[in-house]
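In: predicted model follows, preceded by the sequence.
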Amino acid sequence: MRAKLIAAAILFLSVCMALAPARADDSFKRVIDQKTLTIGVALNPPWILKNADGKFAGYDIDLTSAMASDLGVDLKVVEVPWNDLKPRLLKGDFDLIASGYASTPERARDVVFSNPTGTADIRMVAATAGLGKKPGKVLKAPGYKIAVLSNSTDEAAAREAFPKATIMTFDSTAGVLAAVIGGDAQAMVATSPTPQMAARLYDAKLRMIGGPLLRTPEAFAMRPDDIRLIQYVNNWIVARTVDGTIPGFRRYWFDGFKWMSRLDNASKPEAAKPKQ
């Protein structure tokens, strides 16, 4: 009860601050007046996926749906390719990015990140065939093919950990997994729980390799000038962490795999070609 009262007080104060007269910007007022919180997403289970009925679901959908509810507005989801998330945000097509988007110093040059909504490990899963008795030697061999999501922290971690490997980049997580399952790549580097999900789905073909390559914070990305909205989102994250809302969502999406049955074909592996 105490946690819920503290959370309610934080949210009340954040709304008062956001509505108070100021010279900063009207980003918060824009959301309230339009009665819509618009988020930009790219398919990236379990942060963003589509149910069998085609509706969006996932950890970040649960978070932003709860945020929109607290604001008394509707949630609008705009799906774009992964590499279009930042340009489209800066263009003004949505209020924030919500796709398990890792907060990095490089990205922070262009956008402002909220308080973290969680942390995730980047790990490797590899095709069992060809690993032999000394997988460490195989992984370090020149030309070893590793699939990653293009322009992601996964790609950066893979290039750092395996400098002699051939890094194959794809525009979607489904494409990365499809490359490994189809034999075009020998391994994939991805943010957890994607590697664990892949090893569970294809345990006869894939296995987890080693420990985390990198740990990254997840956050919402917003435009630098949207100061009022940034303040509200940060206060909302604090309040809903304290009252257990965010930890509850995280337990469902990251401590188990019941949600895998909700994936539709658009979120599952399919034939894909690496970017040139």
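Out: Yep, it's here.

In: which pLDDT value belongs to residue 257?
Out: For residue 257, the pLDDT comes out at 84.

In: phi first, then psi, for it.
Out: phi -130, psi 20 (degrees, to the nearest 10).

In: quick one, domains of this protein?
Out: 2-117+219-267, 121-215 (automatic domain parsing).

In: which of those has the lowest average pLDDT?
Out: The bottom spot among those, by mean pLDDT, belongs to domain 2-117+219-267, with a mean of 88.

In: can you show me the helices along the stretch 1-150 of the chain?
Out: 2-19, 27-34, 59-71, 85-91, 135-139 (DSSP state H, counting those that start in this stretch).

In: do I have it right that residue 149 meets residue 85?
Out: No - with contacts counted by C-beta atoms under 8 Å, residue 149 stays clear of residue 85, the gap being 11.5 Å. Using the backbone N, CA and C atoms, a C-beta is placed for each residue, glycine as well.

In: neighbours around residue 111, how many?
Out: 21 (other C-beta atoms under 10 Å).

In: and residue 64, by the same measure?
Out: For residue 64, using other C-beta under 10 Å, the count is 25.

In: likewise residue 26?
Out: When neighbours are defined as other C-beta under 10 Å, residue 26 has 13 of them.

In: setting aside sequence neighbours, what's the nearest residue to it?
Out: Leaving aside its sequence neighbours, residue 26 sits nearest to residue 228 (C-beta to C-beta, 6 or more residues apart in numbering; 7.2 Å).

In: separation between that neighbour and residue 114?
Out: Distance from residue 228 to residue 114, counting by C-beta to C-beta, to the nearest Å: 13 Å.

In: before we move on, what about residue 149?
Out: For residue 149, the distance to residue 114 equals 21 Å [C-beta to C-beta].

In: show residues contacting stretch 144-158.
Out: With C-beta atoms under 8 Å, 6 or more residues apart in numbering as the test, stretch 144-158 has contacts from 44, 82-83, 102, 104, 122, 124, 138, 162, 164-173, 175-177, 179-180, 184-191, 213-214, 216, 274-275.

In: what's the first-to-last distance across it?
Out: 11 Å (C-alpha to C-alpha, to the nearest Å).

In: isn't residue 36 up against residue 71?
Out: No - contact criterion C-beta under 8 Å: residue 36 and residue 71 do not qualify, at 9.6 Å.

In: who has more neighbours out of the two?
Out: Taking other C-beta under 10 Å, residue 36 and residue 71 do not tie; residue 71 has more neighbours (20 against 15).

In: show me what contacts the more buried one?
Out: With C-beta under 8 Å, 6+ apart, residue 71 has these contacts: 31-32, 37, 232.

In: residue 77 too?
Out: Going by C-beta under 8 Å, 6+ apart, residue 77 touches 38-39, 41, 56, 61.

In: now those in TSV, with neighbour count and distance to residue 256?
Out: Converted to TSV, the contacts of residue 77 look like this (neighbours: other C-beta atoms under 10 Å; distance: C-beta to C-beta, whole Å):
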residue	neighbour count	distance to residue 256
38	20	30
39	26	25
41	25	22
56	18	20
61	24	17
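
In: so which of the residues you listed sit within strands?
Out: Counting by DSSP state E, the contacts of residue 77 place 38-39, 41, 56 in strands.

In: from residue 104, how far out is residue 221?
Out: 10 Å.

In: more neighbours, these two?
Out: Between residue 221 and residue 104, counted using other C-beta under 10 Å, residue 221 has the larger neighbour count: 23 against 15.

In: which residues does that one form a beta bridge with?
Out: Beta-bridge pairing of residue 221 under DSSP bridges involves residue 97, residue 113.

In: that one against residue 117, yeah?
Out: No - counting by C-beta under 8 Å, residue 221 sits too far from residue 117 to count as a contact (11.3 Å).
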